[in-house]
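Task: produce atomic coordinates for the following.
(chains A and B)
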Protein chains: 2
Amino acid sequence: MATEEKTLVEILEENNLIDLAKYVNYVSASQAGAIATFSGTTRDTFEGKTVVELRYEAYVPMAIRQMKSICSSARSSWDIHSIAVAHRLGTVPVGEMSVFIAVSAVHRADALDACKYLIDELKASVPIWKKEVYSNGEVWKENSEFMDRKLELGKTNGSCCRRNVKVETHGTKSCCGAKVKVADGAAAEISTSDAGTEETI
Amino acid sequence: MATEEKTLVEILEENNLIDLAKYVNYVSASQAGAIATFSGTTRDTFEGKTVVELRYEAYVPMAIRQMKSICSSARSSWDIHSIAVAHRLGTVPVGEMSVFIAVSAVHRADALDACKYLIDELKASVPIWKKEVYSNGEVWKENSEFMDRKLELGKTNGSCCRRNVKVETHGTKSCCGAKVKVADGAAAEISTSDAGTEETI
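Below you'll find the model as predicted:
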């Protein structure tokens, strides 16, 4: 039943649900006695406003590169067996999962602490933007943690953080209907299948 | 989609697998934006020895009472929506899950920190014993964390910790074939169905 250490990073295109069992099975191993997971889901309210859905958009090659970097960093800090990270793009209705992280390790402290680190770092450093769609309008949100990190680094004009928060009248057009076109070095590896953008390292 | 806050504590009798999706669904709620989980699985080695399987035995009413107490304690420390805790008894082969915890909350820090607290406290204070079955023998293990807590409390003769570690020749007879008979106050609520012993509070 021996399995090697593995890392899976996936960005799922519009309308692809996160398959929790798939990722838990991916990190499961006979050598690992512990699996910690984190799921982020769309909740129905934000600061007193009724949320209808969230819509996520990303610069995919940079998001994947950053997610892989975070995974490597976690491995250097904890004794981890396998990691799976998945993030949906497009519309995520209330109650559905937008992000999922699973980490396996021999001992539970490594799995739990690495899982917390991975989601905290993902929120703070991965270029994924969120539109909150309320019953009476919608707002592109800068993730406040991402902004904090940006300010911390003194990069106020970084290319990955170029959006400003703006309020739009309510519309139903999806913000993420089109696939992200990929042009840089990291692009060559990235799948463009409907099932998702997957990186196994 | 509103759901009330819930707590589910289950002890599963011999040969009942832990249904991860069931517990994640149980804690899911439109109000909760975060779900943290922890799974403890049987790993294939312990201190250099090849593990074949683990066998768990518990004084069920006390174990359930203690698990419920830990859940209440977590609620007093973090802003939690729902909690599910499940522990198998009997034989758990390598690669299978013996314990699973799922916690939902509005914010991720509450879910993650409470999940870590719950598994740490479960290991330290819930009276569940473990027999490690190796390829060449078997050992009843006092959980070291449970022992530490017992010593900490100065209760060296507590009724829940009465087993001594002993090495036996290898045998295949299950240690947990019989149902635990229940006689105290907490017993009345406890189901004796094959599917498990369940407490929803």
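
Point out the residues in chain A that sit beside chain B.
Chain A has residues A:1, A:20-21, A:24, A:28-45, A:94-95, A:106, A:108, A:111-112, A:115-116, A:119 near chain B, with proximity defined as Cβ under 8 Å from any Cβ of the partner chain. Placement of C-beta: from N, CA and C, glycine included.

Looking at these, which are in strands?
In this view, these that belong to strands under DSSP state E are A:Ala34, A:Ile35, A:Ala36, A:Thr37, A:Phe38, A:Ser39, A:Gly40, A:Thr41, A:Thr45.

Now, of the residues of chain A next to chain B, which are buried?
Using 16 or more other Cβ atoms under 10 Å in any protein chain shown as the burial test, the residues of chain A next to chain B include A:20, A:24, A:28-44, A:94-95, A:106, A:108, A:111-112, A:115-116, A:119 as buried.

Nearest residue to A:Ala84 in space, ignoring adjacent ones along the chain?
Counting by Cβ to Cβ, 6 or more residues apart in numbering or on different chains, the nearest residue to A:Ala84 once its immediate chain neighbours are dropped is A:Tyr23, at 3.9 Å.

okay, and the helix or strand of chain A with the least pLDDT?
In chain A, the helix or strand scored least confidently by mean pLDDT, DSSP states H and E is strand A:167-168, which has a mean of 36.

Just the pLDDT for the residue nearest the centre of chain A.
Closest to where the C-alpha atoms of chain A average out (Cα atoms, centre = their mean) is A:His87, at 3.7 Å. On pLDDT, A:His87 comes in at 98.

is it true that it touches A:Glu13?
No. The criterion here is Cβ atoms under 8 Å, and A:His87 misses it with A:Glu13 at 10.8 Å.

what residue ranges in chain A score low on pLDDT?
Across chain A, the ranges flagged by pLDDT under 70 are A:1-3, A:142-143, A:155-201.

hey, where'd the strands end up in it?
Using DSSP E, strands in chain A cover A:7-12, A:34-41, A:45-46, A:49-58, A:80-88, A:90-93, A:97-105, A:128-134, A:137-141, A:167-168, A:197-200.

Just put those strands in TSV and tack on distance to B:Lys141.
Shown next, in TSV, are the strands of chain A (distance: least, Cβ to Cβ, whole Å):
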stretch	distance to B:Lys141
strand A:7-12	32
strand A:34-41	17
strand A:45-46	46
strand A:49-58	46
strand A:80-88	22
strand A:90-93	44
strand A:97-105	20
strand A:128-134	44
strand A:137-141	49
strand A:167-168	59
strand A:197-200	36
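
I'd like to know which of these is closest to B:Ala63.
Nearest to B:Ala63 among those is strand A:34-41 (20.4 Å), distances taken as Cβ to Cβ.

Pairing partners for that closest one, with directions?
Strand pairing for strand A:34-41, determined by DSSP bridges: strand A:97-105 (antiparallel), strand B:34-41 (antiparallel).

end-to-end on stretch A:95-109?
Separation of the first and last residues of stretch A:95-109 by Cα to Cα, to the nearest Å is 29 Å.

Check the offset of it from the chain's centre.
12 Å (Cα atoms, centre = their mean, to the nearest Å).

So for it, what gets flagged as buried?
Neighbour counts over stretch A:95-109 (16+ other Cβ under 10 Å) mark A:95-106, A:108 as buried.

Pick the one among these closest to chain B.
Minimum separation from chain B among the buried residues of stretch A:95-109 (Cβ to the nearest Cβ) is found for A:Gly95, which lies at 5.0 Å.

Just give the nearest non-adjacent residue to that closest one, would you?
Spatial nearest neighbour of A:Gly95, excluding adjacent residues (Cβ to Cβ, 6+ apart): B:Ser30 at 5.0 Å.

what are the phi and psi values for that neighbour?
Main-chain torsions, B:Ser30, degrees, to the nearest 10: phi -70, psi -20.

just checking, it touches A:Asp44?
Yes. Using Cβ under 8 Å as the test, B:Ser30 is close enough to A:Asp44 to be in contact (4.2 Å).

which outside residues touch stretch A:117-127?
With Cβ atoms under 8 Å, 6 or more residues apart in numbering or on different chains as the contact definition, stretch A:117-127 has outside contacts at A:38, A:40, A:58-59, A:62-63, A:66-67, A:70-71, A:73-74, A:77-78, A:83, A:85, A:87, A:99, A:101, A:103, A:143, A:145-146, A:148-149, A:160-161, B:108, B:112.
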